[in-house]
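# With the sequence up front, the predicted model follows.
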Amino acid sequence: MPTKVTDDEIMQFCRTTPGWGYEDGELVRYFRFKTFAEGVALITATAILMQKLNCDPRFQLQGTQGSIALRNTNEDGVTDDDIELA
């Protein structure tokens with residue numbers, strides 16, 4: 001069962017994990033890909049892992065730019081599962 005983490009834990013994670021930030025209550029990471037297909041491949045691979053962890057990701061992909069946002073809607077915030085996935 002996922003456990004909601006504190007804002008302090010989230011900020012510590014962001015300070016020690018390059019590329020990740022905390023915006024609007026979600027862990028967020030932005031990507032730039034060489035091709036659109038690379039972005040689709042990342043989303044597909046990540047989606048398989050997320051389903052196993054029962055995470056609720058939000059993906060955005062437009063051309064060669066994309067982002068992923070992690071937040072557990074059942075727990076109303078970022079959980080230890082979200083941090084493990086990131």
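Perfect, I can see it now.
# In the protein, which helix is the longest?
Secondary structure of the chain per DSSP state H: the longest helix is helix 36-53.
# Just the buried residues of that helix, please?
Applying a neighbour-count criterion of 16 or more other CB atoms under 10 Å, one finds 39, 42-43, 46, 50, 53 buried in helix 36-53. From N, CA and C alone the C-beta is placed, and that goes for glycine too.
# same check, this time on stretch 49-66
Buried, per 16+ other CB under 10 Å, within stretch 49-66: 50, 53, 55-57, 61, 66.
# Turn the buried residues of helix 36-53 into TSV, including pLDDT.
Supplementary listing: those in TSV, determined by pLDDT from 0 to 100:
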residue	pLDDT
G39	95
L42	90
I43	91
T46	85
M50	79
L53	72
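# which one of the residues you listed sits closest to V5?
L53 (14.3 Å; CB to CB).
# which outside residues touch the helix or strand hosting D81?
D81 is part of helix 80-85 when elements are defined by DSSP states H and E. Residues from elsewhere that reach helix 80-85 (CB atoms under 8 Å, 6 or more residues apart in numbering): 2-3, 5, 9-10, 13, 27, 46, 49-50, 53-55, 57, 70-72.
# Then stretch 44-64?
2, 26, 32-36, 38-40, 43, 66-74, 81-82, 84-85.
# swap the cut-off to 7 Å and go again
Here stretch 44-64 makes contact (CB atoms under 7 Å, 6 or more residues apart in numbering) with 32-36, 39-40, 43, 66-73, 81-82, 84-85.
# Among the residues you listed, the buried ones, what's the PyMOL command?
To isolate the buried ones among the contacts of stretch 44-64 in PyMOL, judged by 16+ other CB under 10 Å, type:
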select buried, resi 33+39+43+66+68+69+70+71+72+81+82+85
